[in-house]
Structures are given as structure tokens and as C-alpha cells.
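> Have a look; sequence and predicted model below, questions after that.
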Amino acid sequence: MTTTLPWSPNALADLRDCLDLMTADNSVPGGVIAHGTFDTEPGYLVSGVVARECGDAQPGPATVYDVASLTKVLATWPLLGRIDRLDLDAPLREALPRLSEVAPGGQVTVRQILAHTSGLRADTRLDRYRNTGTDLAELICGEDLIAEPGAGHRYINRGFILAGLLLAEVTGRRLDELAADLWQSLGMTSTTFGPLARAPHVAPTELRFPGAPRLWGLPHDDNAALLGGVAGHAGVFSTPADLAIYAAALLHGHRDRSPLGRWLADSMVPQSQIEPGLDRGLAWILADGARVAYHHGFTGTSLYLAPATGRYLAICTNAVYHHQDNRARLAPLRALALKAITDEP
């Protein structure tokens, strides 16, 4: 049985100091870090402002962020885990019968998609398919593979786009409808696919062209935007409070062996090595001997889970506000978060 370990004040102080430094040097306008255990109320570390466009409004538990690739673990991954009849190791063409027998991507499995070992093209570039009049799954699967499926790890968004299409195919419902039902059942009332109306509690992201409006309530991911904001790899907006609810539900389920918790446990079995010390499970990155699962979003978000200690961290920033690719500036905070959640107090 899981014994929860509380967060140490020193670890939280270090995280707050790092977030404050990032705000001070304009790496981010501000941000929120939710922290807690599955059996306690969440706490929040807050710094800076939401954005210049929002005036003096400070971020908080209810600030809405574009979570980018956290969509993979907030929507696509849990929804796949709810389909009992889905064979993770069957070729996609069995679930998507409209695929040609000779389509290279038709041999890829859901397990390989989740483990990022599909061998699908690494560049997403759905804009190349505009106005072709051909089904998107057929277009993606019709491309030549860049590697043998299952041969090695390479982070690929196309697989999760396919997974979102597959979910709609096998359930007969849209991805956003399926996700909304899941989030409502967990009490995540502020999590949704975009677009959203501009508001002071919604964090803007990137200014792509000087003099043009900043992205605000629209998906930062171009390919998600091409799909109307609803995609299996990106497009979700959420709050620190909802991410805390989700993390607690996953950890609680892991302890109680609920269906969602069993899916998390199954997903924390390493499928492929990313680098020494880091593996990929099903969707999640695994660290600390597969005792910690986490995932990042390009816009400046992260979610960390430690089932063995019952602890979680959720980082919400709009890091692309000042810099289009801010991964290097985010690295110290993300490294500190990983250290904090793996260290036992």
C-alpha cells in the first residue's frame, strides 16, 4: 500500500526560487506550480503575472494555460486505456479498415504509437495535406516509414494524431466529446479543447508577427490549429487546479487499482530507452527506475507523478510568450522538479 510522503519545505522553496528567477529574467511572464499528494489538498507556488495583455492579473490555480503536448497524457492516453476491446499490439489497419493493405503506416500498433517507436515520419506538417480531399489517417499512413516499427525511440506527434482519429473511429464519437466526459467525471471543470475566448484568466502565448494579434485562447500548435483545435497530440487548455485534480486521481487510482490506476501502472513499464536513465512507457517518460512518470508541453507545462510516494507536481507557464522555443530556459526548472519528486524527504 502506498505511503504518501509530504513535500519538504526546502524542495518547495527551491522550486519557488527557480520560478521567481525565470520570471525576473523574462524567461516567462509568470507561472504556477501545483504540488501535493493524492490524499491532501494541493498547494500552489505562484510568480509574476499572467501576461502583459492581462494587466496586473496574477496567475493562480484557475489560470487557463495551453498545455500543448500534455494533451497526449490528459486526453489521448487515458481514453485509449478506457477501451477494453482495443488490442494495443494489433496493426492499425485492423481498427481503421479504410487503410490500404499496402499503406506503410497500417502495420504500426497503438503500443508503438504510445511508446514513440512507430517509425512514422518525425515532421508533422499537416499543412502539406490541405485540400487533398483524402482521409487524414490514409494520408499519414500512406507515407513511407522512417524506421522499422518498434526499432527505437523517436518522439513523433503523428502517432498521437492517428490515435485521436482511431478513438473517434472505434467509439463513434469525437475526441473532444470523449475527453469532456472523462474530465467531467474527474471534476476537471476547466479543462477543454480550444479555442477559448480571450480573457484575463487565459494565458496568451506567442506573438508570431509584430503588429499582429498575439495567440490567445488559440492552440499554439500549428497542426492542432489545422484540425480545428482538437487533436490527439495537442490542443488542450487546462488549469493548475485541474492538473492537480487529475494527478491526484491517477495516484489514488494507482493505489486502489482502479481501471485508470491499472492503466497508469501498465504504462509505467518501460517500452523503449530514450537515453541512459530515462525510458518511455506508454506515453509517459519514466525516470528513477520507472518509479516516476512525467510529460512536458512545448508551451512551458509539465506534469510529474510518483506513485510510490503519492506525490505530484504540475508546472504551468506560458514560456513561449517571450521566446518561441524556450526549452533551454525551462530546463533548470524541469530538472529541479524531477529531482524534487524523485528525492524522498
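Good, I have the coordinates.

> what's in contact with stretch 199-214?
29, 50-51, 53-55, 57, 59, 62-66, 196, 198, 215-217, 220, 237, 299, 316, 318, 320-321, 324 (Cβ atoms under 8 Å, 6 or more residues apart in numbering). (Glycine included, C-beta is placed from N, CA and C.)

> Now do the buried residues in stretch 154-171.
By 16 or more other Cβ atoms under 10 Å, the buried positions in stretch 154-171 come out as 154, 156-168.

> next one: stretch 283-303
For stretch 283-303, a neighbour-count test (16+ other Cβ under 10 Å) marks 283-288, 292-303 as buried.

> how far does it stretch from start to finish?
End-to-end distance for stretch 283-303: 12 Å, by Cα to Cα, to the nearest Å.

> for stretch 206-226, same thing?
17 Å.

> Any buried residues in it, and which?
Those would be 206-207, 214-221, 223-226, for stretch 206-226 by 16+ other Cβ under 10 Å.

> same check, this time on stretch 309-324
Quick answer for stretch 309-324 (16+ other Cβ under 10 Å): 309-323.

> cool, and stretch 139-158?
Buried residues in stretch 139-158, counted by 16+ other Cβ under 10 Å: 140-142, 145, 149, 153-154, 156-158.

> residue boundaries of the strands in the stretch 201-345 of the chain?
Per DSSP state E, counting those that start in this stretch, the stretch 201-345 of the chain carries strands over the ranges 236-238, 272-275, 278-280, 285-287, 292-297, 301-306, 311-317.

> nearest to Leu175, of those strands?
strand 236-238 (10.2 Å; Cβ to Cβ).

> need the contact list for the closest residue to Leu175 other than its chain neighbours.
Among residues not flanking Leu175 along the chain, Gly164 sits closest, at 4.8 Å (Cβ to Cβ, 6 or more residues apart in numbering). The contact partners of Gly164, by Cβ under 8 Å, 6+ apart, come to 75-76, 175, 230-233.

> one step back: tell me the one of the buried residues of stretch 309-324 nearest Gly261?
Gly310 (11.9 Å).

> May I see the buried residues of stretch 154-171 arranged in JSON lines, with pLDDT as well?
As requested, the buried residues of stretch 154-171 are exported to JSON lines (pLDDT from 0 to 100):
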{"residue": "Arg154", "pLDDT": "97"}
{"residue": "Ile156", "pLDDT": "96"}
{"residue": "Asn157", "pLDDT": "97"}
{"residue": "Arg158", "pLDDT": "97"}
{"residue": "Gly159", "pLDDT": "98"}
{"residue": "Phe160", "pLDDT": "98"}
{"residue": "Ile161", "pLDDT": "98"}
{"residue": "Leu162", "pLDDT": "97"}
{"residue": "Ala163", "pLDDT": "98"}
{"residue": "Gly164", "pLDDT": "98"}
{"residue": "Leu165", "pLDDT": "97"}
{"residue": "Leu166", "pLDDT": "97"}
{"residue": "Leu167", "pLDDT": "97"}
{"residue": "Ala168", "pLDDT": "96"}
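
> Sort out for me which of the residues you listed are in helices.
157-168 (DSSP state H).

> So what's the residue count around the closest residue to Gly310 other than its chain neighbours?
Of all residues beyond its chain neighbours, the one nearest Gly310 is Thr4 (3.5 Å), with distances taken as Cβ to Cβ, 6+ apart. Counted with other Cβ atoms under 10 Å, the neighbours of Thr4 add up to 16.

> cool, Ala199 as well?
By other Cβ under 10 Å, 12 other residues sit near Ala199.

> backbone phi and psi for it, please?
Here is the backbone geometry of Ala199 (degrees, to the nearest 10): phi -160, psi 160.

> again with Thr309
phi -110, psi 0.

> Pro6 is in contact with that one, correct?
No: taking contacts as Cβ atoms under 8 Å, Thr309 lies outside contact range of Pro6: 9.2 Å.

> intersection of neighbour lists for these two?
Common neighbours of Thr309 and Pro6 (Cβ under 8 Å, 6+ apart) are Thr37.

> So which residue is smack in the middle of this structure?
The centroid of the chain falls nearest to Leu70 when counting by Cα atoms, centre = their mean (1.1 Å).

> Touching, that residue and Leu303? I think so.
Yes: between Leu70 and Leu303 there is a contact under Cβ under 8 Å: 5.9 Å.

> re earlier: so which of the buried residues of stretch 206-226 are in helices?
Assignment to helices by DSSP H places the following of the buried residues of stretch 206-226 there: 223-226.

> of all those, which comes closest to Ile33?
Ala224 (24.7 Å).

> Please compute how far stretch 95-105 lies from its chain's middle.
Distance, stretch centre to chain centre, for stretch 95-105: 27 Å (Cα atoms, centre = their mean, to the nearest Å).
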